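S.K.: Give me a 3D structure for the following:
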Amino acid sequence: MRKRIILGLSVVLILALCLCLSACGHSHTWIDATCTTAKTCSECGEVEGEPLGHDWIAATCTEPKTCSRCGITEGKPLGHTWTPATCISPETCTVCGFVTDGPLGDHCCDQWSDEVDATCTSEGYKTGICKYCSEPFTITIPMKEHDYSDWVVSIPATCTSVGEEERVCKDCQHRETRQIEMLPHELGDWVVIETPTYTSDGLKAQYCQECSELINEEPYTFSEFLSDKIVIKGARDCVQVTDLSYFIDYDDFWPRFYLIVELTNISNNNLKLYSCTCDLLNDELTMLDKVDEYYFSTAPSIIAPGEKGYFFVNWGYDVSSLDLNSGLTVKVEVTINNSSKPPQQFSVSQVSWSPPSYDVLGYFENTTKSPTDSLYLVAVFLNSDGRAVAFSDTHLDPVEPGDSTSFKIQPLWGKTIYSGAEIVDCQVIAFDYWY
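M.R.: Model prediction:
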């Protein structure tokens with residue numbers, strides 16, 4: 001009995017001893033507390049107490065705020081607070097006392113003993129005693145800028161030479177000049193140097209109106225030549241002027257003027273060749289005379305789309321009273337209107353002609369259903385380029401529908417317009433003049 005009591009007490013004592021050693025049943029291995037962590041058992045993780053917290057050392061000129069325990073930093077260094085260099089000491093930090101190895105500063109004076117102002121022609125100076133080293137010193141004051149007046153042109157620029165402008169200093173009268181760039185050429189109108197022909201371009205040039213220098217030179221095409229000489233009124237977008245020729249025949253008692261205007265219908269409508277006038281000018285474009293509508297005829301009076309028609313001076317025009325030695329230039333105005341009538345369809349056959357007489361023979365047949373009223377036949381002579389270079393015409397008596405008749409078209413008064421034109425073909429156009 002007694003042994004059982006002793007055994008039980010022994011067990012109780014052993015258990016109490018274990019509890020006294022540790023609640024977890026082992027001896028702790030502690031890791032010291034740091035700035036951010038408390039004391040901790042390395043085996044069971046049990047902590048005791050609180051973190052120590054940072055022990056900050058204040059920031060300096062060169063170092064940021066730093067913990068003396070863990071070395072962690074916060075923020076930036078404060079930076080030096082400099083005292084400017086003087087003539088006896090270099091630049092120095094007022095906080096940490098750091099001295100640079102840079103150069104010494106300048107002398108400094110609070111009250112100058114001698115002072116001369118600078119001008120735009122000479123430097124100034126100031127003399128004084130340095131408040132740091134007590135040595136006398138002098139500083140130089142740089143010259144001032146000139147106070148100039150506005151720029152004034154002294155030599156105007158032209159299109160062949162540079163110009164010049166100047167300004168003067170208000171204080172010392174110093175004169176300064178600078179160059180003005182040459183002016184651009186002032187272009188005049190195009191001038192015809194060489195007149196184009198039906199087969200080759202001419203030449204046009206453009207000169208400066210101030211110095212007469214040749215600036216531009218370009219080909220002068222025959223189409224430009226026509227557009228410069230012919231004004232179209234009425235249905236002007238419906239027709240294209242494809243040729244213009246004029247000449248003077250001296251074979252008669254007096255010189256006669258002849259002109260042919262060739263047009264092509266570029267529209268989808270029939271066109272009526274209405275009227276034509278021609279101004280005769282000298283080479284200086286002064287009016288010499290005017291050929292009015294009375295002298296002009298058409299061939300035919302109505303042209304279909306894609307077909308050609310002609311205005312021409314019928315039987316010539318007497319220019320014996322004009323001074324042809326001054327040259328001759330023409331300016332033509334044609335009027336063309338749309339027409340609701342179709343062109344007439346007459347038949348012309350067996351056409352023949354031959355030099356030197358240039359009589360045109362053939363047969364005419366009225367293939368329409370109406371008798372002719374004022375039948376008109378025009379012989380248009382063509383050269384190897386297909387260009388209308390001469391013409392002649394005649395009237396026929398009325399011809400009933402289905403009837404035919406022979407015709408003869410005699411040349412105009414003179415013959416030089418035929419013999420000098422290198423004629424290779426002849427086209428006869430028949431139409432009723434009052435249709």
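S.K.: Could you pull up the contacting residues of residue 340?
M.R.: Residues in contact with residue 340 (Cβ atoms under 8 Å, 6 or more residues apart in numbering) are residue 270. All C-beta spots, glycine's among them, are computed from the backbone N, C-alpha and C.
S.K.: May I have the predicted confidence score for it?
M.R.: pLDDT, residue 340: 86.
S.K.: same thing with residue 33?
M.R.: For residue 33, pLDDT reads 79.
S.K.: And the one 3 residues further on, by the same measure?
M.R.: In the prediction, the pLDDT value recorded for residue 36 is 82.
S.K.: ok, it - how many residues close by?
M.R.: 13 (other Cβ atoms under 10 Å).
S.K.: same deal with residue 332?
M.R.: Neighbour number of residue 332 under other Cβ under 10 Å is 21.
S.K.: Next: residue 155.
M.R.: Residue 155 has 14 neighbouring residues, counting by other Cβ under 10 Å.
S.K.: cool, and residue 132?
M.R.: Neighbour number of residue 132 under other Cβ under 10 Å is 15.
S.K.: so it is in which element?
M.R.: Under the criterion DSSP states H and E, no helix or strand holds residue 132.
S.K.: Would you check that it makes contact with residue 86?
M.R.: Yes. Counting by Cβ atoms under 8 Å, residue 132 does reach residue 86; the two are 4.7 Å apart.
S.K.: so what sits against both of those two?
M.R.: Common neighbours of residue 132 and residue 86 (Cβ under 8 Å, 6+ apart) are residue 108.
S.K.: residues of the helix or strand harbouring residue 244 that come out buried?
M.R.: Secondary structure assignment for residue 244, by DSSP H and E: strand 239-249. Using 16 or more other Cβ atoms under 10 Å as the test for burial, strand 239-249 gives 239, 241, 242, 243, 244, 245, 246, 247, 248, 249.
S.K.: Equivalent analysis for stretch 182-197, please.
M.R.: Buried residues in stretch 182-197, counted by 16+ other Cβ under 10 Å: 185, 190, 196.
S.K.: Give me the three-state assignment for the second one.
M.R.: The assignment at residue 190 comes out as strand when based on DSSP: H, G, I helix; E, B strand; the rest coil.
S.K.: In contact with it: list those residues for me.
M.R.: Contacts for residue 190 were tallied using Cβ under 8 Å, 6+ apart; they are 204, 205, 206, 218, 220.
S.K.: For stretch 30-38, measure first residue to last.
M.R.: Start to finish, the residues bounding stretch 30-38 are 10 Å apart (Cα to Cα, to the nearest Å).
S.K.: who touches it?
M.R.: Residues outside stretch 30-38 that contact it (Cβ under 8 Å, 6+ apart): 39-42, 47-55, 67, 69-70, 72.
S.K.: how far out from the middle of the chain is that stretch?
M.R.: Counting by Cα atoms, centre = their mean, to the nearest Å, stretch 30-38 is centred 82 Å from the centre of its parent chain.
S.K.: in that stretch, what's buried?
M.R.: residue 33.
S.K.: Same question for stretch 343-358.
M.R.: Applying a neighbour-count criterion of 16+ other Cβ under 10 Å, one finds 343, 344, 346, 351, 353, 358 buried in stretch 343-358.
S.K.: Using TSV, please lay out these together with distance to residue 286.
M.R.: Formatted as TSV, those follow (distance: Cβ to Cβ, whole Å):
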residue	distance to residue 286
343	40
344	42
346	44
351	43
353	40
358	35
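S.K.: what pLDDT does residue 10 get?
M.R.: Listed pLDDT for residue 10 reads 63.
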